[in-house]
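Colleague: Would you be able to build a 3D model of this:
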Amino acid sequence: MILSINQENPHTRHINQVTECLRQGGVIIYPTDTTYGLGCDIFNRKGVKKIFQIKQRDSRKPFSFICTDLAEISNYAQVSNFAFKIMKRHLPGPYTFVLEATKIVPDSLSTKQKTVGVRIPDNRICQEIVRQLGHPLVTTSANLSGESAPQDPRQIDENMGRMVDMVIDGGISLGEASTVISLIDDQIEVLRQGRGDISWIE
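Modeller: So this is what the prediction gives:
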C-alpha cells in the first residue's frame, strides 16, 4: 500500500493510519531528511524481526532510531552536558549520534557495547509519526542489502512494496545517508560521512 502525505502539512488522518499500522506490528517505508527509511515501532518485536529479515542483517548489528526531541533521546541514551549541547545545535538535522544506551532500549536495538544510534530528522512527516506513536521509530535505509537507496518512493514501492505494510510517498528524497557521529565519553568521532556537514568538528 502506498500512501501520499503532504510534506509541509501532514494530515492528521494520514498520520493516524500510519501509527495504527505500526502499533499492529507493521513495517513502513517513510521519508526523512536524508534517504527513505525502513522502520517499525521499536517496542514491537514482530516488526523489528521483520526488518532484520528484509535487510538480511546480522542481529548483532542493530539499527538506529528516530526520536521527537532531545527530551525523548535522554530516555533512551545517556546524554551528558557535552552531548546535549552538540545535539541541540545540530538537531533536527541529517545526523545520527551514537551514545551509551539506557536500560529501556530493547536488546535488539543496542550493541554489545550497550550503545545506540539516535536521530531527529528535519522532516515533518516522520516527526509527526513518532510524536503520534508516542515512542521512537526504528530507522534504516529503505534498500536491499548491497543496493543503493532509491530516491523515488514509487520506485521504492516497486522494489520493496511487497515486503512491507505501507510505503509513504513524501516526495523525492535527497538519497544521501546521514552522517554518523559517536559522542561516547564526550569524544567526537565521525563513524560515517554522509549528508551532514562536519566542518564544525575541530
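Colleague: which element is the residue sitting nearest the centre point of the chain on?
Modeller: The chain has residue 139 as the residue nearest its centroid, 2.9 Å off, counting by CA atoms, centre = their mean. If you go by DSSP states H and E, residue 139 is part of strand 137-141.
Colleague: got the contact list for that strand?
Modeller: 22, 30, 32, 35-42, 47-48, 51, 55, 57, 63-66, 109, 119, 126, 129-130, 149, 177 (CB atoms under 8 Å, 6 or more residues apart in numbering). C-beta: built from backbone N, CA, C; applies to glycine.
Colleague: circling back to that earlier point, ok, and the closest non-adjacent residue to the residue nearest to the centre of the chain?
Modeller: Spatially, and ignoring its direct neighbours in sequence, residue 139 is nearest to residue 37 (4.5 Å; CB to CB, 6 or more residues apart in numbering).
Colleague: What is the subsequent helix or strand relative to the strand holding residue 139?
Modeller: Counting by DSSP H and E, what follows strand 137-141 is helix 153-160.
Colleague: Buried residues of that following helix, list them for me.
Modeller: 153, 156-157, 159-160 (16 or more other CB atoms under 10 Å).
Colleague: quick one: that helix to chain centroid distance?
Modeller: The chain centroid and the centroid of helix 153-160 are separated by 18 Å under CA atoms, centre = their mean, to the nearest Å.
Colleague: now for that helix, which elements pack on it?
Modeller: Judged by 3 or more CB pairs under 8 Å, 6 or more residues apart in numbering; DSSP states H and E, helix 153-160 is in contact with strand 2-4, strand 28-30, strand 166-169.
Colleague: Next, the buried residues of stretch 3-23.
Modeller: 3, 5, 10, 14-15, 17-19, 21-22.
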